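**Q** Need the 3D shape of this:
(one chain, ligands or ions: 1)
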Amino acid sequence: MTAAIDIHDLRKTYPRRWASPPFEALKGVSLTVAEGETFGFIGPNGAGKSTLIKILTGVMRATAGTAQLFGVAVDNSAARTGLGYVPENPSLPDYLTPLEILGMGLALHKRQVTDKKAHCMHWLERFGLGDVANKTVRGFSKGMAQRTALAHALAVQPRLLILDEPLSGLDPIGRRDVVDILADYRKGGGTIFLTSHVLHDVERLADRFGLIHKGELRAVRSPAELAGEDDRVLVRSQGAAAVDGMQPEPGGRWVIEVPRTALWQTLRALEAAGHAVIEVKPTLSLETAFLHVVQGG
Ligand SMILES: Nc1ncnc2c1ncn2[C@@H]1O[C@H](COP(=O)(O)OP(=O)(O)OP(=O)(O)O)[C@@H](O)[C@H]1O
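**A** Predicted structure coming up:
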């Protein structure tokens, strides 16, 4: 099957500006994203995430290397057929309403739907914008503009969604709603490539994460692989009797961190003492596990 995204040895050098020397923002990135996969591209500020996205979406040309979407080179406009793209801080034409913006998206992508208005309203309502569908976007908050841009991208029923920091500017409820909508899109077979500074935001969504650091793809891991790199687990239980090594917590709860290899032994001791297990989880967040991978490599 043709990959949704196929990138080979991609390089981008920004030319010299004033006194600054040329800057190599991408140093030979290679990566394949399968159709139906959600790939989270994670990295600190200035790592090269937006540069890569701009090349994939045809906004900017690479200095060297190749990139294809569904087998079509990204400098061919046909590569953008069926592509939904939301840049970081999308700028919307502020004299239009969300309903008009979504309608324009359908026309641009030549998407035929039976009832255009009902289709656009459906997506605006999913993004909590039903009440402002007919108001011009001038004066919209950052979060409302972000949700309008996301609704615009999803309304065209894309086969691939490329999203640069899709959760930035959203409040916690907005973030959760957007993650739910993206998870539904993924369940329906859609492919997502998204960037984030914060692994926690996207850990529920992504099948694989790539960590980019200073223009180099430093590690690609599935969430399970990342969790597996953590060799200690935290066990929390509830019970009256003290168990060797466990620290008491308020409300009759107990907690201990043990090596993965000692987990069953710990659970057996808890069972013998009549404790109920509340949780067993890796001690590190995925974020910290990722940093360990990068620092270790
Ligand atoms: N037009 C440009 N000219 C020169 N340097 C640039 C240009 N655009 C980006 N850069 C530099 O390239 C590097 C990568 O930038 P990029 O925007 O791709 O990073 P990013 O990972 O998306 O960062 P952020 O998370 O802050 O958005 C940065 O050091 C940035 O300063």
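
**Q** What separation do you get for A153 and the ligand?
**A** 18 Å (CB to the nearest ligand atom, to the nearest Å). Backbone N, C-alpha and C define where each C-beta goes, glycine included.

**Q** Isn't G190 up against V156?
**A** No: here G190 lies out of contact with V156, judged by CB atoms under 8 Å, at a distance of 11.5 Å.

**Q** Find the helix or strand that the residue sitting furthest away from the middle of the chain is a member of.
**A** Each residue of the chain has a distance to the centre, and by CA atoms, centre = their mean the biggest one is for A241: 43.8 Å. Remark: A241 resides in no helix or strand, with elements defined by DSSP states H and E.

**Q** out of everything not next to it in sequence, what's closest to it?
**A** A273 (4.5 Å; CB to CB, 6 or more residues apart in numbering).

**Q** show me the contacts for the residue of the stretch 101-250 of the chain found nearest the ligand.
**A** Here the residue of the stretch 101-250 of the chain nearest the ligand is H197; by CB to the nearest ligand atom that distance is 5.7 Å. H197 makes contact with 42-45, 165 under the criterion CB atoms under 8 Å, 6 or more residues apart in numbering.

**Q** from the residues you listed, which is closest to the ligand?
**A** Of all the contacts of H197, the ligand sits closest to N45, with 3.5 Å by CB to the nearest ligand atom.

**Q** Look up which helix or strand the nearest residue to P93 once chain neighbours are set aside falls in, please.
**A** The shortest distance from P93 to any non-neighbouring residue, by CB to CB, 6+ apart, is to I101 (7.2 Å). Using DSSP H and E, I101 sits in helix 98-108.

**Q** go on, L226?
**A** Counting by DSSP H and E, L226 is found in helix 223-228.

**Q** immediately after that helix, which helix or strand?
**A** According to DSSP H and E, the helix or strand after helix 223-228 is strand 232-238.

**Q** Quickly run through the sheet partners of that following strand, with directions.
**A** If you go by DSSP bridges, strand 232-238 pairs up with strand 253-259 (antiparallel), strand 276-282 (antiparallel).

**Q** Quick one, which of those strands gets closest to T51.
**A** strand 276-282 (32.3 Å; CB to CB).

**Q** And the helices in this structure, which stretches?
**A** Along the chain, counting by DSSP state H, helices occupy 49-56, 98-108, 116-126, 142-155, 172-187, 199-202, 223-228, 263-272, 286-296.

**Q** hmm, back to that, tilt between the helix holding I101 and helix 142-155?
**A** On the basis of axes from the mean of the first three to the mean of the last three CA atoms, to 10 degrees, helix 98-108 is oriented at 30 degrees to helix 142-155.

**Q** got a list of what T32 touches?
**A** T32 neighbours (CB under 8 Å, 6+ apart): 3, 5-7.

**Q** May I ask which of those residues has the most neighbours?
**A** Neighbour counts for the contacts of T32, by other CB atoms under 10 Å, peak at I7, which reaches 23 neighbours.

**Q** Quickly note the distance from that one to the ligand.
**A** For I7, the distance to the ligand equals 14 Å [CB to the nearest ligand atom].

**Q** bridging residues for that residue?
**A** Here I7 sits in beta bridges with L31, A67, going by DSSP bridges.

**Q** Could you do the one 10 residues further on as well?
**A** Each beta-bridge partner of R17 is listed here: S20, as defined by DSSP bridges.

**Q** How many neighbouring residues does P259 have?
**A** Per other CB under 10 Å, the neighbour tally for P259 reads 11.

**Q** my guess is it meets D231, correct?
**A** Yes: counting by CB under 8 Å, P259 does reach D231; the two are 6.1 Å apart.

**Q** shared neighbours, these two?
**A** Counting by CB under 8 Å, 6+ apart, no residue touches both P259 and D231.

**Q** Can you tell me which residues in the stretch 101-250 of the chain are near the ligand?
**A** Counting by CB under 6 Å from any ligand atom, the residues of the stretch 101-250 of the chain close to the ligand are H197.
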